[in-house]
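Q: Here is my input; please provide its structure:
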Amino acid sequence: MGGFGGADSAESPGPLAQGGAAGAQAGDALACDPDAEDEPDDVFEDSNCDGTDGDLRRAIFVAPKGDDTGSGTLEEPLASLGIALERAHLEQKDVYVCNGLYEQALVIDHAVRVYGGYDCEGGGSRVTDRARFAPLSGVPLSVHGATGVVLERLAFVAPDNEAIEGSSIAGVIEGSIEVQLRRVELESGRAGPGLAGEQGAPLAGRAPNGEAGGNACLRLMCDDIGEGGYSPLSPACEGGGSAEVGGAGGDGGHDGIPAEPGQPSPSGVAGGMVSVVLAEADGASGRSGAVGAVGAGPLQAIGEIDGTGYLPSNAGLRGAYGRPGQGGGGGAGVQELWEGDLCCAPGHGGSQGGFGGCGGRPGQGGTGGGASIALLIVESDVTLTWSRLVSGSGGKGGPGGLGGLSQEGGPPGAVYSYKGVRLSGVGGAGGRGGAGGSGGPGGGGPSLGIALLAAPQPKLDSVQVLLGSPGFGGDAAADAVASGDGPDGIAASGYDFSTHEPITF
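A: Reported below is the predicted structural model:
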């Protein structure tokens, strides 16, 4: 590539005459020919005696203080690059740009030659300076579907774009052939951070209660026992599966029929045992479900080129749903009982354990940071000569979102009480579902001199590339520090998005 050096290294080499444009033109005054062709060149030679490097007869001039109602001559330059390009296309002329600052973009869609470096306030001589295109937003240089474009002695400066997922790109050349950039500077700004992953929304409500134990005193026949409570139906959970069913309550007993213990939940939470001590007749509570897995980092180092822009698709992955909690164990039934003057010899049934709560929703992954790209080339043939590419810093990746709160487990079913004293075993409460897993952090954005998509590597001669810092990876969610932050972006002179490989030159 060559040409690396100090701040003016894109100017100091090459066949420039010492002493600037005026000396070159004065020394050639006697040798000029009014009928000669005079294209702007590196030695600023006035070949056709019209007082400047170039041909005033085939030039449309533009100046920061121009007027679009003017003739477009050196004395009456235009103000708008868009109007100048239209005039040049219709009149088959070139565009000569007076040095200065233009808060507008240069958009080209046809063959044209645009030359900068003209000191129009100093008589139109050409000097080692550049017209500077620095719009307040957007891409300063865009070439779309054009053939035979020449840009010389121009500088394009893209503004910082620190919006969420914002990218800064100084130049885009798309679907074009034989585009030449000579002594051109392209400088992109800082890129914006990725979007933080959204936290999983909490689940509403709680899991269902277990069924109540049967009351023997409400039976018509004194030898009819109270049945244990049980419902086999369980609601589906959003993340898949269903809330775990609580264990069935045990039936009550009477003379000749023993009371039954409470049944365990499907995952083995113990039911209560038949006992004269009611605390022992109660089922165990279900344990909370496991927390969902944390989402992984992005599947690729950096994002993609989407059309003529950068898409920060290097997002962290979504976390997993939490697992449902365990159902509570069933309460045991009791043997025959007497309650005052009431015949309640048949025993009451124990209640069913509460249903397990559903697992929490996952957190979403953070997105990738934006990119800073000096020049993006898409399906185009480009040559750069004695030019400088400067990129800013890539954007930081977005942090992963926290997992959502889970559903609380269901309480056990009710049991029969007499004068404030319960008379059978109580099922255990269902366990709370596990919290959702946090999302993974996004990757950092890249800082690139040249980005290619479906394009050959450009022809380069004495091109300098100065890179900014790659964006840092996003922070891991607060409850997932062990999983680590997201991957940092990259800083590279060139990157081919078709193959996702850095290129060197």
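
Q: quick check, Arg346 in a helix?
A: Careful, residue 346 is Pro and not Arg. No. Assessed with DSSP: H, G, I helix; E, B strand; the rest coil, Pro346 is coil; it does not lie in a helix.

Q: Okay, and the closest residue in space to Gly241 that isn't next to it in sequence sits in which element?
A: Of all residues beyond its chain neighbours, the one nearest Gly241 is Pro324 (6.1 Å), with distances taken as C-beta to C-beta, 6 or more residues apart in numbering. Just so you know, the C-beta spots here come from the backbone N, C-alpha and C atoms, and that holds for glycine as well. Secondary structure from DSSP states H and E places Pro324 outside every helix and strand.

Q: where's the nearest residue to Cys49 once chain neighbours are set aside relative to Lys419, distance?
A: In space, Cys49 comes closest to Cys32 once its chain neighbours are excluded; the distance is 3.9 Å by C-beta to C-beta, 6+ apart. Distance, Cys32 to Lys419, by C-beta to C-beta, to the nearest Å: 122 Å.

Q: list the contacts for Ser60?
A: If you look again at residue 60, you'll see it is Ile, not Ser. Applying C-beta atoms under 8 Å, 6 or more residues apart in numbering to Ile60 gives the contacts Gly72, Leu78, Ala84, Arg87, Ala88, Glu91, Lys93, Asp94, Val95, Tyr96.

Q: Can you get me a residue count around Tyr321?
A: Neighbourhood size, Tyr321 [other C-beta atoms under 10 Å]: 28.

Q: List the contacts of it.
A: Contacts of Tyr321 (C-beta under 8 Å, 6+ apart): Cys237, Glu238, Gly239, Gly240, Gly292, Gly359, Gly360, Arg361, Pro362, Gly436, Gly437.

Q: Please report phi then psi for Asn161.
A: phi -130, psi 80 (degrees, to the nearest 10).

Q: Number the residues from 784 up from this point.
A: Sure, I'll start numbering at 784, so the last one becomes Asn944.

Q: Check what pLDDT it gets.
A: Note on Asn944: pLDDT of 97.

Q: what's the answer for Gly1099, then?
A: Looking at Gly1099, the pLDDT reads 96.

Q: Show the contacting residues for it.
A: Contacts of Gly1099 (C-beta under 8 Å, 6+ apart): 980, 1078-1081, 1148-1150, 1180-1181, 1183, 1222-1226, 1257, 1269.

Q: where along the stretch 984-1133 of the chain do the strands fall?
A: 1087-1089, 1092-1094 (DSSP state E, counting those that start in this stretch).

Q: out of those strands, nearest to Ala987?
A: With C-beta to C-beta as the criterion, Ala987 lies closest to strand 1092-1094 of the strands of the stretch 984-1133 of the chain, at 35.0 Å.

Q: What is the subsequent helix or strand relative to that closest one?
A: Next element after strand 1092-1094 (DSSP H and E): strand 1155-1161.

Q: list the helices and strands that following strand packs on?
A: In terms of contacts (3 or more C-beta pairs under 8 Å, 6 or more residues apart in numbering; DSSP states H and E), strand 1155-1161 is packed against strand 951-957, strand 968-970, strand 1165-1173, strand 1230-1236.

Q: Which of the ones you listed sits closest to Ser1048?
A: When the helices and strands packed on strand 1155-1161 are compared by C-beta to C-beta, strand 1230-1236 sits nearest Ser1048, at 55.9 Å.

Q: any idea which helix or strand comes after the closest one?
A: Sequence-wise, the next helix or strand downstream of strand 1230-1236 (DSSP H and E) is strand 1242-1249.

Q: Angles on the backbone of Asp818, please.
A: Main-chain torsions, Asp818, degrees, to the nearest 10: phi -100, psi 0.

Q: Double-check it against Cys832; I have them as touching.
A: No. Judged on C-beta atoms under 8 Å, Asp818 makes no contact with Cys832 at a distance of 9.3 Å.

Q: Please say which of the two ends up with more neighbours.
A: More crowded of Asp818 and Cys832, by other C-beta under 10 Å: Cys832, with 16 against 7.

Q: ok, Cys815 and Lys1202, which is more surrounded?
A: Cys815 (16 against 7).

Q: State the distance from the more buried one to Asp902.
A: 19 Å.

Q: Ala1275 now?
A: For Ala1275 relative to Asp902 (C-beta to C-beta), the value is 37 Å.

Q: Which one's more surrounded, the two?
A: Ala1275 (22 against 18).

Q: and that one, helix, strand or coil?
A: Per three-state DSSP, Ala1275 ends up strand.

Q: Make sure it is actually in contact with His1283.
A: No. Counting by C-beta under 8 Å, Ala1275 stays clear of His1283, with 11.5 Å between them.

Q: for this structure, what spans make up the helices?
A: Using DSSP state H, the helices assigned to the chain run over residues 803-810, 864-874.

Q: Run the chain-centre distance for the longest one.
A: Looking back up the chat, that one is helix 864-874. 39 Å (C-alpha atoms, centre = their mean, to the nearest Å).

Q: Okay, the residue nearest in space to the middle of the chain and Gly958: tell me how far apart.
A: When C-alpha atoms, centre = their mean is applied to the chain, the residue found nearest the centroid is Thr1150 (2.4 Å). Distance, Thr1150 to Gly958, using C-beta to C-beta: 28 Å.
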